[in-house]
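**Q** Can you look at this prediction? I've put the sequence above it.
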Amino acid sequence: MNNNTIISFHGNSQRGIASPYLHRHSNAALLHSAASSDVVCKKYFYLLGFVLVSSLFLLSCSVSKRINQQASGILLQDTVISTGHIGISIYEPANGKYWYNHDATKNFVPASNVKLFSLYAGMKYLGDSLVGLRYLQTDTGIIIYPTGDPSFLHPDFKQQPVVDFLNNQYYISYSPANFTEALGAGWAWDDYNDDYMVQRSEFPIYGNLARIFYNNGLLNTIPKRISFRVKNGIETLNDSTEFSFLRKWESNDIAATITNQHGTKKMYEVPLVADQNEVIQFLADTLHQSIHIIDSSQPVTQKSKLYLHSIHSQPADSLFTPMMHNSDNFFAEQTLLMASNEHLGYMSAEAMIDTLLKTDLKDIPQQPQWVDGSGLSRYNLFSPQAMVYIINKTQTEFGVKRLKTILPTGGTGTIKNYYVKDSGYVFAKTGSLSNCVALSGFLYTKKGKQIIFSVLVNNFQGPAYKVRRAAEKFLEGIRQKY
């Protein structure tokens, strides 16, 4: 056999086996054969690629179709959910593909799912620890600048570095941040007396809550300077007496009404008016010295921060975790204000939201209507895909491990009565307003895949727990099947 000889194998079409035939070809014929073979190979690989893509497409369609059947049977046709509107989005970040969407680009009132966006702002701009206070040393004392930190004298934070620092200072002057937006746009004004609608402020103190409790048979308050009166007879007080409390709209004058002589409740919380004048008084009482106010309308810019000293108060995640686990509205609002103060140099929820949407979040799938940090406002409008986006972005930038500790899992926080058997596999943020239920987070399927999901339900008529149970059944089904 010389250089012009090759061995060709021709398939036996009738017997299905290959038989070798030896052929001699010229160099020209050989080149023609190689070119033809190359064309055949290309066509084969193109065909193979087409088959693979088609198979993946059909598989994706199959998954979407099966999830749609689950959604239809469990959620869309639910007797309570069907009285309102529902949006669903399920996304696999590993391949960047949506498994399922139902009205996922439409806007819904997301309730406390808005906290997912405030969490991102906090993680992006507050660093590992909160700046509890900034100050300038002068010849006669110090000038303090508020940062919006909600942990100052808050009973849930036992370590108080800012308090310890201030207790060792003399001639303290206070430079106001001139923040006046105590209540958010669209908040229900008649809820102002409820402990879930705490006022925002530039210098929170005691969590901006008055705590009223029994001690040695007497009602006591923190802070002590808060006065209250019992409207229907203090002579009937005993350790089993229960009350309702009503604070006047623009003052810390609180009236108590006896509601039960044989109750068990011992602790009450009433939102405080925490404006500048009240804060100065609270500080003076706490530090046992006068606090002087200086007139300053200039914001603390990034340049001026170079001349100020900072006192760090708490690890950032020690604020973020209860914010998400307990759905703490106050912590969420102050997180957004602190992020604004650090990034912009002043406290404005509106300005910070506008900045985020134009910069860090400019590629959000659907532009939301975002007005506060907590989700208390019904003016907020977000799509399910926007919720999926912010969860994916947060875990991409800050790590899923950290996010797992901040979000509640089954049997904990606001989902303590849900996903109990899937604890450690489902991590999610709830949202609740009247006639609105939301749940957005991520879960791990039985096959080890991570999916990000969002289920937003609005305007339904019926018990909210039925909506939550239906969503639980739907998501547990996805976890089991995929």
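**A** Yes, it's here. Quantities reported herein were computed from a predicted structural model and do not represent experimental measurements. Residues are numbered from 1 along each chain as shown.
**Q** Helices of the stretch 301-450 of the chain, start to end?
**A** 302-305, 316-325, 329-344, 349-358, 384-398, 400-406 (DSSP state H, counting those that start in this stretch).
**Q** mean pLDDT for these: which is lowest?
**A** For these, mean pLDDT drops lowest on helix 302-305, to a mean of 60.
**Q** Most tightly packed of the helices of the stretch 301-450 of the chain?
**A** helix 329-344 (a mean of 26; mean count of other C-beta atoms under 10 Å). All C-beta atoms are positioned from the backbone trio N, CA, C, and that covers glycine.
**Q** For the stretch 51-200 of the chain, which residues score under the pLDDT cut-off?
**A** 51-60 (pLDDT under 70).
**Q** now the helices for it?
**A** So, for the stretch 51-200 of the chain - with DSSP H, counting those that start in this stretch - the helices run 115-125, 161-166.
**Q** Which of the helices of the stretch 301-450 of the chain sits closest to residue 128?
**A** helix 316-325 (5.7 Å; C-beta to C-beta).
**Q** Let me see the contact set for the residue most central in space within the chain.
**A** Centroid-nearest residue in the chain: residue 116, 1.9 Å away (criterion: C-alpha atoms, centre = their mean). Residue 116 is in contact with 387, 390, 391, 394, 429, 440, counting by C-beta atoms under 8 Å, 6 or more residues apart in numbering.
**Q** Can you tell me which of those is nearest residue 132?
**A** residue 394 (24.2 Å).
**Q** how is this structure carved up into domains?
**A** Residue ranges for the domains of the chain, per automatic domain parsing: 67-122+322-481, 129-315.
**Q** In space, what's closest to residue 137 - neighbours in sequence excluded?
**A** residue 309 (7.0 Å; C-beta to C-beta, 6 or more residues apart in numbering).
**Q** what's the neighbour count on that neighbour?
**A** 12 (other C-beta atoms under 10 Å).
**Q** Kindly report the same for residue 448.
**A** With other C-beta under 10 Å as criterion, residue 448 counts 7.
**Q** Kindly state the pLDDT recorded for it?
**A** 95.
**Q** Now residue 402: closest residue in space that isn't a chain neighbour?
**A** residue 317 (7.3 Å).
**Q** Buried deepest among the domains of the chain, which one?
**A** On a mean-neighbour basis (criterion: mean count of other C-beta under 10 Å), the most buried of those is domain 67-122+322-481, at a mean of 20.
**Q** That one: how far from the chain's middle?
**A** Relative to the mean C-alpha coordinate of its chain, domain 67-122+322-481 is positioned 7 Å out (C-alpha atoms, centre = their mean, to the nearest Å).
**Q** which residues touch residue 63?
**A** By C-beta under 8 Å, 6+ apart, the neighbours of residue 63 are 99, 100, 482.
**Q** List the residues that contact the first one.
**A** This means residue 99. Residue 99 neighbours (C-beta under 8 Å, 6+ apart): 60, 63, 64, 67, 90, 91, 92, 451, 482.
**Q** Next one, pLDDT for the last one please.
**A** When you say that, I think you mean residue 482. Predicted confidence (pLDDT) for residue 482: 94.
**Q** Strands of the stretch 51-200 of the chain, start to end?
**A** Shown for the stretch 51-200 of the chain, the strands assigned by DSSP state E, counting those that start in this stretch span residues 85-92, 97-102, 129-137, 142-145, 172-174.
**Q** Can you lay out these as TSV showing distance to residue 120?
**A** Shown next, in TSV, are the strands of the stretch 51-200 of the chain (distance: least, C-beta to C-beta, whole Å):
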stretch	distance to residue 120
strand 85-92	17
strand 97-102	21
strand 129-137	16
strand 142-145	25
strand 172-174	31
